[in-house]
Structure formats: C-alpha cells, structure tokens
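In: Have a look; sequence and predicted model below, questions after that.
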Protein chains: 2
Amino acid sequence: MFKKILQDIVEESDGYSAVLMGYDGLAVEQYDQPCEAGDLNPFAVEYAHVLKEMKDTLAILNSGEIEEVTVRTERFQVIIRALSEDYFVILTMACNGNYGKGRYLLSREQFRLLEELQ
Amino acid sequence: MFKKILQDIVEESDGYSAVLMGYDGLAVEQYDQPCEAGDLNPFAVEYAHVLKEMKDTLAILNSGEIEEVTVRTERFQVIIRALSEDYFVILTMACNGNYGKGRYLLSREQFRLLEELQ
C-alpha cells in the first residue's frame, strides 16, 4: 500500500517523486512521475546520508528530533519528513512547485505511512 | 555593518540568532538575542559542515546550486540561505516562530549582506 500513498502525494502536489526510505539509504518504496529531471534516486540516497549525519549531530547537541528538512536548489525543491527512528519520506518537486501543498500532503499522509510501517 | 543587518533580521523575525558564516565553519559576524536556548554557535558550525557536504554532492549530481535549506526540530526552526560561493546566513528561531517571516527577511536582506561582502 506504500506505493498508493506515495502516488497520491506526488500526483496531488504535482511533484516529481516520493520515496519512503530508511536512514541506511535503502528505499522501501518509491513513486516517480515521468519527468525531464531524470532519475532522482541518487539524490534520495544522498539526502539519506546527509539526514543521518544531521540527526546524529543534533542528538548530541540536544536540539530535539528532526521533524522536517527542506532543500531548495536552482532545479528542485525537496521536502524530507521524518516518520520514525528508522524511516523518512522525501518529496521532490520542481523549483517553482507548490511547496506549501507538498508540506501539507506529507503531514497529512504521515499517519497512513506510519500505520503501514507497523 | 553586518551586525546591524543580522540584528534587524533577528529582531524583526523574533528569532534567537543570525550568523553570517563561511562554508569553512568560521563566523564572520553574529547577533544573538539572549534566550533560554543557550549558545547556538555549535549548531551553526554543524550546519556549515552539513551544508558544505550537501553543496559538494549536489554539484556532482547536477542539481543546481543550493539556495535555501530549512531544518525543523522539536526545539528550533533553522533557515539557511546561501549568499555566494563562500558565504551563507543562518537564522535560528523557536519551533513555533514565524517561519514565513524569517524566510522573507533573509530574502530581503540578502542583497545588503552581499553588498557588504564585496
């Protein structure tokens, strides 16, 4: 059922790709909209790596758990939402995509994803 | 004059701290509002490190330059805005702070900061 949830997120946000991923960089499930951006998987793996590092350091600095990270580049907007100790979800959108809607959808679907992860 | 710009950003956004920093982790200037969050400098140095790594990898992946990174944890919202090849600015706010206003202020002051950096 992960695929359906990810597909809903991508289609409703008019995004490129949504990936459910572990902090180890392995994707549990992924839904991609065919787009000119090409294969976005290398980005997701890289974000997993950066997020893991950030998570570890912020834990040491007592900053509280990471809830959300967003990255805007010239080409993409990426919203990463932490789901649990082990998993997070990444939504990649066009740089001019509707960021607010993307955030809302990840927040809305967080509980469905968590339920499926049980 | 950096200090005055950073102070404006912190005071108008009701934030905790604004730091102008190089990707090498050295702060050029910093303005802190006295707050219960304590010393935020270790965070800024850590973000510099993560940002540098992200910047290098995204360059390889041809994702375009990083423009903005935001991190929300249980305690803070952090908005990082790239200014140039070498410098960026970090605004730290309370987790329930006005994120939109923080983003707007960084965007508004970007040009003043860049002018000063010349």
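Out: Yep, that arrived.
In: Measure how buried residue A:38 is and give me the count.
Out: Using other C-beta atoms under 10 Å in any protein chain shown, residue A:38 has 9 other residues around it. The C-beta positions use only the backbone N, C-alpha and C, and glycine is treated the same way.
In: Then residue A:31?
Out: By the other C-beta under 10 Å criterion, the neighbourhood of residue A:31 contains 20 residues.
In: Next one: it from residue A:70, what distance?
Out: According to C-beta to C-beta, to the nearest Å, residue A:31 stands 19 Å off from residue A:70.
In: Same question for residue A:20.
Out: Distance, residue A:20 to residue A:70, using C-beta to C-beta: 18 Å.
In: For the two, work out which one has more neighbours and name it.
Out: Per other C-beta under 10 Å, whichever of residue A:20 and residue A:70 has more neighbours is residue A:20, with 22 against 19.
In: Show me what the more buried one is bridged to.
Out: Listed by DSSP bridges, the beta-bridge partners for residue A:20 are residue A:29, residue A:89.
In: among the helices and strands of chain A, which has the poorest mean pLDDT?
Out: Across the helices and strands of chain A, mean confidence by mean pLDDT, DSSP states H and E is lowest for helix A:41-60: a mean of 80.
In: And it, what's buried?
Out: By neighbour count, and taking 16 or more other C-beta atoms under 10 Å in any protein chain shown as the criterion, the buried residues in helix A:41-60 are A:43-51, A:53-55, A:57-58.
In: ok, now how distant is the residue most central in space within chain A from residue A:81?
Out: Taking C-alpha atoms, centre = their mean, the centroid of chain A lies closest to residue A:90, which sits 1.1 Å from it. Using C-beta to C-beta, one obtains 8 Å as the distance from residue A:90 to residue A:81.
In: Then residue A:73?
Out: The gap separating residue A:73 from residue A:81 is 18 Å, by C-beta to C-beta.
In: between the helix or strand following the least confident helix or strand of chain A and helix A:41-60, how many degrees?
Out: For helix A:41-60, the succeeding helix or strand toward the C-terminus, using DSSP states H and E, is strand A:66-73. Angle of strand A:66-73 versus helix A:41-60, following axes from the mean of the first three to the mean of the last three C-alpha atoms, to 10 degrees, is 140 degrees.
In: and the helix or strand following strand A:66-73, which strands flank it?
Out: Where DSSP H and E defines the elements, the next helix or strand beyond strand A:66-73 is strand A:76-82. With DSSP bridges as the criterion, the sheet partners recorded for strand A:76-82 are strand A:66-73 (antiparallel), strand A:87-94 (antiparallel).
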